[in-house]
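S.K.: mind folding the following:
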Amino acid sequence: MTKFEKGYYICGHPMDGSEKEGTEPKNSTMEKFFAVVEQRGIGVIGQFSPFITAEEKTGTGCARYISETVGETMNFGLYEVKNDGNTTLGEFSKPDNHVVHSLIITNVSTKKVTNCDVFMYNWPTGSVPPDETEALEMI
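M.R.: Predicted structure coming up:
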């Protein structure tokens with residue numbers, strides 16, 4: 001049997017409840033998203049679409065599940081999600097497009113703290129990168 005040192009979870013971004021299927025709103029999946037991060041000990045989340053607001057839901061992107069402001073906390077059910085720092089990655093050809101947001105995720109019921117980084121590639125809403133360079137750099 002082969003053992004892997006690292007595990008990967010591939011999933012869609014969480015929904016905030018403003019999304020719709022037809023005319024019916026979908027349920028927020030924010031709390032469940034952070035429950036998986038906590039339960040599986042996920043240390044890095046790859047974010048490859050920009051955050052968008054409810055008013056922009058016709059565009060390509062995802063609901064805001066973290067604050068991009070250092071020190072700011074967002075609450076999702078049992079989870080407090082605090083931005084503990086932002087780092088621009090200078091080794092990329094366009095460093096301003098590659099940012100790591102360091103999170104402190106606290107389960108307010110159990111007081112368990114999980115640290116997780118969100119590696120975010122910031123491309124413009126509703127578009128794709130102009131060439132493959134930045135995608136290849138991420139790989």
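
S.K.: buried residues in the longest helix anywhere in the chain?
M.R.: Looking across the chain with DSSP state H, the single longest helix is helix 30-40. Within helix 30-40, the residues that count as buried by 16 or more other Cβ atoms under 10 Å are 30, 33, 34, 35, 37, 38. C-beta: built from backbone N, CA, C; applies to glycine.

S.K.: pull the CA atoms of it into CSV?
M.R.: In CSV, the C-alpha atoms belonging to helix 30-40 read as follows (Å, rounded to 0.1, in the frame of the first residue of the first chain):
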residue,chain,number,x,y,z
MET,A,30,-19.3,29.0,5.1
GLU,A,31,-19.5,27.2,8.4
LYS,A,32,-19.2,23.8,6.8
PHE,A,33,-16.2,25.0,4.7
PHE,A,34,-14.3,26.0,7.9
ALA,A,35,-15.4,22.8,9.7
VAL,A,36,-13.5,20.8,6.9
VAL,A,37,-10.5,23.1,7.3
GLU,A,38,-10.5,22.4,11.0
GLN,A,39,-11.2,18.7,10.9
ARG,A,40,-8.7,17.9,8.2
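
S.K.: so how far is residue 111 from the most centrally placed residue in the chain?
M.R.: Computing the C-alpha centroid of the chain and ranking residues by Cα atoms, centre = their mean puts residue 47 first, at 5.0 Å. Separation of residue 47 from residue 111 (Cβ to Cβ, to the nearest Å): 27 Å.

S.K.: what does residue 45 give?
M.R.: Going from residue 45 to residue 111 by Cβ to Cβ gives 22 Å.
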